[in-house]
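# my questions concern the predicted model and sequence given below.
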Amino acid sequence: MQVVARKEQEERLLKLVEAGKELVKKAIEFIEERHAGQYRKTGEPYVLHPLEVALYLAQLGMDRSTIVAGLLHDVLEDTATTYEELKEHFGEEVAEIVEGVTKLGKIPFKDLQTQKAENYRKLILAFSKDLRVIFVKLADRWHNMKTLHCFSREKQVRIARETLELFVPIANRLGLWRIKTELEDLCFMYLYPKEYEEVKSFVGKTREELESYLKEVFIPSLRRELQKAGLEAHITYRPKHLYSIWQKTIRKGIRLEDVHDLLGVRVIVNMVQECYLVLGVVHSAFKPVPGKFDDYISLPKPNLYQSLHTTVIGPEGKMVEVQIRTWEMHERAEKGIAAHWAYKEGKNLQDSGVYSWLKSLVESVQGSKNSEELLENLRLELFSEEVFVFTPRGDLVVLPKGATPVDFAYHIHTEVGNHCAGAKVNGKIVPLYYRLQNGDQVEILTHPNKKPNPEWLNFVVTSKAKSRIKAVLKELEKNRYLQLGRERLEKLLHRLNLSREALLEKLLEDTKAKTEEELLLLLGSGRLSLERVYSLFKKSHREKPQEKVEDTLQIDGLGSVLHTLAGCCNPLPGEEVYGVITKGKGLVIHSKECPNLNHVRQISPEKVVKVLWDRSKGLHPVRIRLVVKDRVGMLAEVTSAISRTGANITEAKTKSLPSGEALMDFTLQVENYQKFLRVKESLQSLEGVERLQRLMG
């Protein structure tokens, strides 16, 4: 039976390959030999999997090299085959695609998150050079999701969540509608099985009635109106996929019974002009629903999608969504960028509408310093909806929804962002935190002396803006530390009565600093305290017994000082904190992340000093906000997770949102920052917890 299935796959594949059948046959023979004796969890011979992947790619109309790479995509990872062998047998082009798909499985990583992030980095950098890498990877993931039933529940959830978080948004950005919708429904089935069955059952009961209405009432009526206008069109309908129906109920806070557009009508014509003529006929024959019209022909989506969308009230008072497009637009809507992939003709990424997004995605990946930042930047790039704005010259700029003039400035150029002094939107001055709207014309005002403000990090949404602002702030902080380091070095020279050369030699030897600049940074940041330096040169400092202080704030080695804790951010022992010099209160201690601290730093940096605070008795308050899936038992799970860490809940507030989510605000008591991190980790591991934020300010 399995041999027959394999032969059928091979025959179907070869029928779809227009040229280069011999190389495809050679690749099939190669994988039969290399994967011989290997079986999938389903019990099927492993070779059936790469055949399915290649068949899917052929159905997308991909070129021969992509199809061959689909057949070979697992040989580097799962067999003893080497890159050089692939290159020798199938050419460098195919070998590079397969190498791009292959995970970093043989490299040791410190933890699973780092491994996951680095595999994502490798994949994104690979497909930025050759988009065919992601076509193969998406086809591979599609078939893996189709056969996920044989794995444990834990693995099903993990793979489905990764698919929904990474591969679905990539497919969407590339306009690969078929893969996107099929992956979404498969993820829906494994992540939310109860809701999946509810939607599936509801659609099954109502679809027959809706199909009958469209075929017997709406479409015949529309066809008659088009014939009267002398327009020829192909009219069909398509069902909404289950995940999109469920998402609509959550987004709008409605019941399944209130979703009326389970089926949509598609009108396909030959020319662009006919699309607008059809729209006129539709709106004349049926009453349009206000606010339900979108023109993606004159303003295409970044993933190349073009179509007119309108919703009208049809006969019998039923709402119907109508999409109007040309045949070329229809093929592109189904296959995305794969529909016009012409690698052999020399087309490159700059010829496609995805170039800007892909460039931004690569910059985010390359600019991420660690796995946590990389995963966060990916989330920002992949999940955001778009807003369309214009430069003063009329050039279109696509940004994530919620973007601000600062995001716009950094999109234009890093230097424009770094020197942004203000912004005009539609000719009027607006605050830099203004949220851009579709159609806005944006002009950035710059000044050579202007530098990024730490407060910008509180409202920018693009990873490019965040990373560029952080880089400049880090450089400014470095320069400040260098200046402080120089001042403290001069103070040491005066107090110790030593030559500069002797002092530097001793300190470089003791700290293992490689350069004088590195040493100055240690002194300026407080990581090398003056007390430690004195102890190196004065034996009496080492021999003098130290008074034990349980709650010690070490500021440049001066020991305990008068201090109070800032109520705006509730700093915790063990986290990075800074003191603000205040009359009558000594130092007011703030968390590094506190927005009030960042404000003081901006206007009076001389009042801010680095503080080392790592020991304290008693409990300390910390406020957190959770955004969770609003379901029965969620609050109980959250409070149990907090209790398991030993943290004490002193206040709790919850609020349900129309989106199907809930806000949960807690005030906790913890011993130190490490305990807070354990609480955070415990909560983030719960299914249904979407975001966690520490509240400050």
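Noted; the coordinates are in hand.
# what number of residues lie near Met50?
Actually, residue 50 is Pro rather than Met. Residues lying near Pro50 (other CB atoms under 10 Å) number 28. For the C-beta atoms, the positions are set from N, CA and C on the backbone; glycine is no exception.
# wait, it touches Asp74, no?
Yes: Pro50 lies in contact with Asp74 (CB atoms under 8 Å); the separation is 6.1 Å.
# so what sits against both of the two?
The contact sets of Pro50 and Asp74 overlap at His35 (CB atoms under 8 Å, 6 or more residues apart in numbering).
# those helices in the stretch 201-350 of the chain, which residues are they?
Assigned by DSSP state H, counting those that start in this stretch, the stretch 201-350 of the chain shows helices spanning 219-228, 242-252, 272-285, 327-335.
# mind checking how far the last one is from the chain centre?
The gap between where helix 327-335 is centred and where its chain is centred comes out at 27 Å by CA atoms, centre = their mean, to the nearest Å.
# packing partners for it?
Contact analysis of helix 327-335 by 3 or more CB pairs under 8 Å, 6 or more residues apart in numbering; DSSP states H and E lists helix 177-191, strand 263-269 as its packing neighbours.
# mind putting those in TSV, mean neighbour count included?
Output for those, formatted as TSV (neighbours: other CB atoms under 10 Å):
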stretch	mean neighbour count
helix 177-191	21
strand 263-269	20
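# so which of the ones you listed is nearest Gly280?
Taking CB to CB, strand 263-269 is the member of these nearest to Gly280, at 12.2 Å.
# against Thr102, how distant is Leu71?
According to CB to CB, to the nearest Å, Leu71 and Thr102 sit 14 Å apart.
# can you check Arg486 too?
Arg486 is 50 Å from Thr102, where distance means CB to CB.
# just Asp261 next, same as before
According to CB to CB, Asp261 and Thr102 sit 42 Å apart.
# these two: which has the busier surroundings?
Using other CB under 10 Å as the criterion, Asp261 and Thr102 rank with Thr102 on top: 22 against 18.
# what's near enough to touch the more buried one?
Residues counted as contacts of Thr102 (CB under 8 Å, 6+ apart) are His73, Leu76, Glu77.
# if we can go back for a sec, need the helices of the stretch 201-350 of the chain in a markdown table (columns: mean neighbour count, distance to Gly422 and mean pLDDT).
Formatted as a markdown table, the helices of the stretch 201-350 of the chain follow (neighbours: other CB atoms under 10 Å; distance: least, CB to CB, whole Å; pLDDT from 0 to 100):
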| stretch | mean neighbour count | distance to Gly422 | mean pLDDT |
| --- | --- | --- | --- |
| helix 219-228 | 15 | 51 | 94 |
| helix 242-252 | 18 | 35 | 84 |
| helix 272-285 | 17 | 40 | 95 |
| helix 327-335 | 19 | 40 | 84 |
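# between these, which one is closest to Ala117.
Across those, Ala117 has its closest neighbour in helix 242-252 (26.1 Å, CB to CB).
# quick one: buried residues of stretch 77-97?
Residues of stretch 77-97 classed as buried: Thr79, Thr81, Glu85, Leu86, Lys87, Phe90, Glu93, Val94, Ala95, Glu96, Ile97 (neighbour count, 16 or more other CB atoms under 10 Å).
# what's the neighbour count on Arg40?
Neighbours around Arg40, by other CB under 10 Å: 15.
# just Pro448 next, same as before
7.
# how about Lys194?
Lys194 has 8 nearby residues by other CB under 10 Å.
# next up, phi/psi of it, please.
Main-chain dihedrals, Lys194, degrees, to the nearest 10: phi -60, psi -50.
# quick check: bridge partners of Val269?
Beta bridges link Val269 to Thr326 when assigned by DSSP bridges.
# any idea how far Arg495 is from it?
To Arg495, Val269 is 86 Å away according to CB to CB.
# got it, and Gly280?
Between Gly280 and Arg495 the computed distance is 86 Å (CB to CB).
# ok, Phe202 to Glu182 distance?
According to CB to CB, Phe202 and Glu182 sit 20 Å apart.
# quick one, grab the pLDDT at the residue lying closest to Thr249 once chain neighbours are set aside.
Of all residues not flanking Thr249 in the chain, Leu256 sits nearest, at 6.0 Å (CB to CB, 6 or more residues apart in numbering). Note on Leu256: pLDDT of 84.
# now do the contacts for Leu256.
Counting by CB under 8 Å, 6+ apart, Leu256 makes contact with Glu198, Val199, Phe202, Ile245, Thr249.
# dump those residues to JSON lines, plus distance to Pro315.
As requested, the contacts of Leu256 are arranged in JSON lines below (distance: CB to CB, whole Å):
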{"residue": "Glu198", "distance to Pro315": "30"}
{"residue": "Val199", "distance to Pro315": "27"}
{"residue": "Phe202", "distance to Pro315": "24"}
{"residue": "Ile245", "distance to Pro315": "23"}
{"residue": "Thr249", "distance to Pro315": "26"}
